[in-house]
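Q: predicted model, plus sequence, below.
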Amino acid sequence: NFVEFRRALSVVRTPTLNLGYADVKGNIGYQYVMSVPLRKNGDGTLPVPGDTGEYEWTGFVPFEKLPYDYNPAKGYVASFNNLPKNVDYHITRYFMFERALRFEEIAKSKDKFTPEEIRNMQLDNVSMVAKRWVPEILKACSNMEEVKAALALFQGWNYSMDIHSPAATLFNSFYAHFISNTLEDELGKELCNMLLDPYLIYQPDMMLANIMGNNNHFLFDDVRTPSVREAKEDMVRKSMKDAVDELSARLDGDPTKWEWGKVHTMTFKHPFGSRMAFFNLEPIPTNGDDFTINAGAWDNKNPYAMDSGGVIRMVIDMSNLKSATLISPPGQSGRYKSPYYSDQAEIWAKGIQIPAHYLSAEKLPQLLVLEPGK
């Protein structure tokens, strides 16, 4: 039960883990397990003197005060690297919100979901970032003849980052240029490029979401052009033109041929793959981007190749455990010649899951139990 679940986790020592809970009685919950320092002074958000003793650690936040939830009134729990509730101490700046926003949008659309609908939710490719910024692009660029053909891709677009969508490619290129054009003058090229990293891009994304309502926010002004005061629309127009120029040179002059799957591919790489490339798999076109539930963050050093995202997918109906499905690419064997070395890679990219064959340990014909030495 949930009490036993938390009791077992209370002895775990780790930097940070987040574990979900569900049981056959219909109870749900989650528990964060992490080592959050207690400090004499400060909260750890900024550098401090290390030689005075004023900011030394005095211990860790006790397990009882770590975030958890059990049978919330809203009827579900979810985690998308977003900030947990009821936390009055600093944990980290690494919290994303776009995927959680999209989940809430779907969750509020109906009262109950079937296992198949949950599987479809895991594959959702709608970007709340695109949903936020495309209307701004259409408004700002309506009179730009040089981007007219590309701009047409956004007309009627459903904001889905699927492999067949040229609009998905255009938007990801636009957004990367938009971040750079807005911040490079203040931060410099090197630091700005760092913010396009899959693990840092949430920072400028959050900042842009916060200031988008202020057309004349100082960050939209390019300090390198002191005689001109740029506004949000100027950065949008420049970024759109930069994106069109980039994709026209890289892919084709016809925007309708800029399918996302041409540039957004996943290459499963073996640890020995840098020396023996035959261990690696061929690139596979993949859906999603940094901000979709079906996460497919891309590498800013190799735009727009997939760098990280959701790998293992699983759906378990606790009232019918035999119906459980999962996928764990690229395969279940590490032997290069095995038929199971990469047999799940392609079907994973297509969103397929396979039966999990849940069995109780008591029913297994053979069971090997490994116990620690005494």
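A: Perfect, thanks for sending it. Numbering: from 1, shown residues only.
Q: other residues contacting stretch 109-117?
A: With CB atoms under 8 Å, 6 or more residues apart in numbering as the test, stretch 109-117 has contacts from Met121, Val315, Asp317, Ser323, Thr325. Heads up, the C-betas are built off the backbone N, CA and C, glycines and all.
Q: just the buried ones from those residues?
A: Met121, Val315, Thr325 (16 or more other CB atoms under 10 Å).
Q: among those residues, which ones are in helices?
A: Met121 (DSSP state H).
Q: list just the nearest of the buried ones among the contacts of stretch 109-117 to Glu259.
A: Met121 (24.0 Å; CB to CB).
Q: got the contact list for the closest residue to Thr265 other than its chain neighbours?
A: Closest residue to Thr265 apart from its sequence neighbours, by CB to CB, 6 or more residues apart in numbering: Pro283 at 3.7 Å. By CB under 8 Å, 6+ apart, the contact set of Pro283 is Thr265, Met266, Thr267, Ala305.
Q: so how far is Ile327 from Pro283?
A: Using CB to CB, to the nearest Å, Pro283 is found at 19 Å from Ile327.
Q: Leu183: neighbouring residues, count only.
A: 19 (other CB atoms under 10 Å).
Q: right, I mislabeled it, should have said Leu46
A: Residues near Leu46, counting by other CB under 10 Å: 6.
Q: in the biggest helix by length in the chain, which residues are buried?
A: When the chain is parsed with DSSP H, its longest helix is helix 166-187. Buried residues in helix 166-187, counted by 16+ other CB under 10 Å: 166-185.
Q: tell me how the chain divides into domains.
A: Following automatic domain parsing, one finds the domains of the chain at 2-95, 99-310.
Q: looking at these, which is buried most?
A: domain 99-310 (a mean of 17; mean count of other CB atoms under 10 Å).
Q: over to Met306: give its phi and psi.
A: Per-residue torsions, Met306: phi -70, psi 130 (degrees, to the nearest 10).
Q: and the end-to-end length of stretch 316-326?
A: Using CA to CA, to the nearest Å, one end of stretch 316-326 lies 9 Å from the other.
Q: pull the distance from that stretch to the chain's centre.
A: 26 Å (CA atoms, centre = their mean, to the nearest Å).
Q: can you check stretch 24-33 too?
A: Centroid displacement of stretch 24-33 relative to its chain, using CA atoms, centre = their mean, is 23 Å.
Q: kindly report the same for stretch 173-183.
A: Centre to centre, stretch against its chain (CA atoms, centre = their mean), the figure for stretch 173-183 is 19 Å.
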